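J.: Okay, sequence plus prediction incoming.
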Amino acid sequence: MSPKELLYVEDALGHTCHMKSCCRTTAGQLEDMELKTFVEQLASRHQQAFDRFYQLLK
């Protein structure tokens with residue numbers, strides 16, 4: 001991989017990690033259970049995306 005491609009992967013990992021963190025923080029603050037569940041599912045999807053990106057590096 002070129003240095004530019006590695007920077008892209010690093011950015012992608014950082015963005016998915018940040019979004020997962022934001023979703024978990026938001027879910028912890030929500031009282032509406034339906035909305036909380038939805039945001040937790042979003043956090044899970046961001047974790048899955050992170051895992052897929054990370055697997056590409058192995």
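T.: That came through, no problem.

J.: what's around residue 13, how many residues?
T.: Per other CB atoms under 10 Å, the neighbour tally for residue 13 reads 16. C-beta coordinates here come from the backbone N, C-alpha and C atoms, glycine included.

J.: and it, what element?
T.: Per DSSP states H and E, residue 13 falls inside helix 3-29.

J.: for that helix, packing partners?
T.: Helices and strands touching helix 3-29, as assessed by 3 or more CB pairs under 8 Å, 6 or more residues apart in numbering; DSSP states H and E, comprise helix 33-57.

J.: Taking helix 3-29 as reference, get the angle to the helix it packs on.
T.: Compare the direction of helix 33-57 with that of helix 3-29 by axes from the mean of the first three to the mean of the last three CA atoms, to 10 degrees and you get 160 degrees.

J.: how distant is helix 33-57 from the center of its chain?
T.: For helix 33-57, the gap between its own C-alpha mean and the chain's C-alpha mean amounts to 5 Å (CA atoms, centre = their mean, to the nearest Å).

J.: Quick check: buried residues in it?
T.: Using 16 or more other CB atoms under 10 Å as the burial criterion, the residues of helix 33-57 that qualify are 39-40, 42-43, 46-47, 49-50, 53.

J.: okay if I get those as CSV plus distance to residue 3 and pLDDT?
T.: Output for these, formatted as CSV (distance: CB to CB, whole Å; pLDDT from 0 to 100):
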residue, distance to residue 3, pLDDT
39, 36, 98
40, 36, 97
42, 32, 97
43, 31, 97
46, 26, 96
47, 27, 96
49, 23, 93
50, 22, 93
53, 17, 86
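
J.: of those, closest to residue 17?
T.: When the buried residues of helix 33-57 are compared for distance to residue 17 (CB to CB), residue 50 wins out at 5.9 Å.

J.: who's in contact with the residue lying closest to residue 40 once chain neighbours are set aside?
T.: Distances taken as CB to CB, 6 or more residues apart in numbering place residue 27 nearest to residue 40, at 4.8 Å, with adjacent residues excluded. Applying CB atoms under 8 Å, 6 or more residues apart in numbering to residue 27 gives the contacts 36, 39-40, 43.
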